[in-house]
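Q: no FASTA, just this:
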Ligand code: TYD
Ligand code: MG
């Protein structure tokens, strides 16, 4: 049995036959660790025979329409581009505790109720724990055919997959998987890469799609780390604030469908629910039409438009360096907009504390919402009510307004929801012009 030694960067997964002090890929010092891979086992463990490669003419290649499995969640199917493609490898990433296992368990329960054979492999929880969670989720059917395995040995799990031949495999999580063929603890780059490689190869050769859970490190990277996203066909990200129930599922990479599409879910006491008609989800629940400091906007996520409420609070500061608190908006962007308001609209914000918040726990990185942030600040500063108004537009450094992408779509959405007071670059050229016409 031959053993191969390689040196793998623990940060980026760079692979070198010899030890190096500095990783040539990511530039980190002393990050290469020695790992041993027993070669003969790799070949045998999957039982895959060698096939001869032969080139084909492009014309001879027939394209079969990809068969897709429906997950039972239309929000998820939409993000995937119409369901799970057979033989594809999907990475579901997200912070610990955000609801990845819950979502996947529910998919497993739904699909196995629809007579698909689903194998749920958990390296994190025992079968009893999963059973308790399934009871908490309370599916309508008391009985379930969902197959559970609790284990962390990659090679044994690969055997189980071959034996049971399910229509979907769920691996929760890839960071807990380990193989004797590779040195290093579970979660190390060598182990994660080997495990993922094996499951992806199984998926491709047997046509069984696999969903792998990947935890995210503090820096927001998929631990293990970037290598995983290169290996899989689809990368999904489940995000949300721990203390709010809204969960957003995003596709960051998708070989078989749209990217940047989102699905909306809510984490509830009895499991995760999908939110199909969520255009008005991101509004504060109070009826604060009488309070200044709130403005609406329309933001785009993928192909969907959402109505979002921006709230601002502006008050005279008691400290030499006034406070700026931004939640749901990038801090640097808020500073920039404050500078524009100060310079071009003559609002003395340099001596004011400014707080900006986006209701409902969504993060706005869309520049088309600039105008609404400015309007919320003006509304609070001037004590005028704007909460039934919608602001759509980008704000430039010279105080000019620009059209964001899909301007017409945003305006249509606002009109559809019944709003008439829409401030946009269609009517105004500068932020100052909007400010002077607010009460008209
Ligand atoms: P989990 O799916 O275990 O997160 P992950 O796999 O991403 O680490 O979710 C754990 C959290 O979700 C935990 O704080 C409890 C909460 N939860 C609910 O709110 N409702 C539920 O029905 C379930 C099963 C969990
Ligand atoms: Mg989990």
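A: The structure has been received and is ready for your questions. As the structure is a computational prediction, the values presented were derived from the model and not from experiment. Numbers count the residues shown, from 1 in each chain. Ligands and ions are numbered 1, 2, ... in the order given.
Q: what comes into contact with stretch 197-211?
A: With contacts defined as Cβ atoms under 8 Å, 6 or more residues apart in numbering, stretch 197-211 is touched by 45-46, 48, 69, 84-92, 104, 107, 154-155, 158, 161-162, 165-171, 174, 179, 212, 231-232. Heads up, the C-betas are built off the backbone N, CA and C, glycines and all.
Q: Please list only the buried members of those residues.
A: Applying a neighbour-count criterion of 16 or more other Cβ atoms under 10 Å, the buried members of these are 45-46, 69, 84-92, 104, 107, 154-155, 158, 161, 166-171, 174, 179, 212, 231-232.
Q: Strands - which of these land there?
A: For the buried ones among the contacts of stretch 197-211, the ones inside strands are 69, 84-85, 89-92, 168-171, 212, with DSSP state E as the criterion.
Q: Let me have these in CSV, extended by pLDDT and distance to ligand 1.
A: As requested, these are exported to CSV (pLDDT from 0 to 100; distance: Cβ to the nearest ligand atom, whole Å):
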residue, pLDDT, distance to ligand 1
69, 91, 21
84, 94, 19
85, 92, 23
89, 95, 19
90, 95, 15
91, 94, 13
92, 94, 9
168, 95, 17
169, 96, 17
170, 96, 11
171, 95, 12
212, 95, 12
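Q: So for the biggest strand by length in the chain, what gets flagged as buried?
A: Counting by DSSP E, the longest strand found in the chain is strand 304-316. Neighbour counts using 16+ other Cβ under 10 Å place 304-314 of strand 304-316 among the buried residues.
Q: Show me what secondary structure element comes after it.
A: Toward the C-terminus, strand 304-316 is succeeded by strand 324-327 as the next helix or strand (DSSP states H and E).
Q: Give the rounded mean pLDDT of that following strand.
A: Average pLDDT, strand 324-327: 94.
Q: Give the buried residues for the very next helix or strand once past that strand.
A: Reading on from strand 324-327 to the C-terminus, the next helix or strand found by DSSP H and E is helix 331-345. Applying a neighbour-count criterion of 16+ other Cβ under 10 Å, the buried positions in helix 331-345 are 333-334, 337-338, 340-341, 344-345.
Q: again with stretch 177-186
A: Residues 177-179, 181-184, 186 are the ones in stretch 177-186 that count as buried (16+ other Cβ under 10 Å).
Q: Next: stretch 403-420.
A: 404, 406-407, 410-411, 413-414, 419.
Q: which two from the buried residues of stretch 177-186 end up farthest apart in space?
A: Greatest spatial distance among the buried residues of stretch 177-186 (Cβ to Cβ): 177 and 183, at 14.5 Å.
Q: Would you mind measuring from the residue in the stretch 201-350 of the chain that ligand 1 sits nearest to to residue 160?
A: Scanning the stretch 201-350 of the chain for proximity to ligand 1 using Cβ to the nearest ligand atom identifies residue 271 as nearest, at 4.1 Å. The gap separating residue 271 from residue 160 is 26 Å, by Cβ to Cβ, to the nearest Å.
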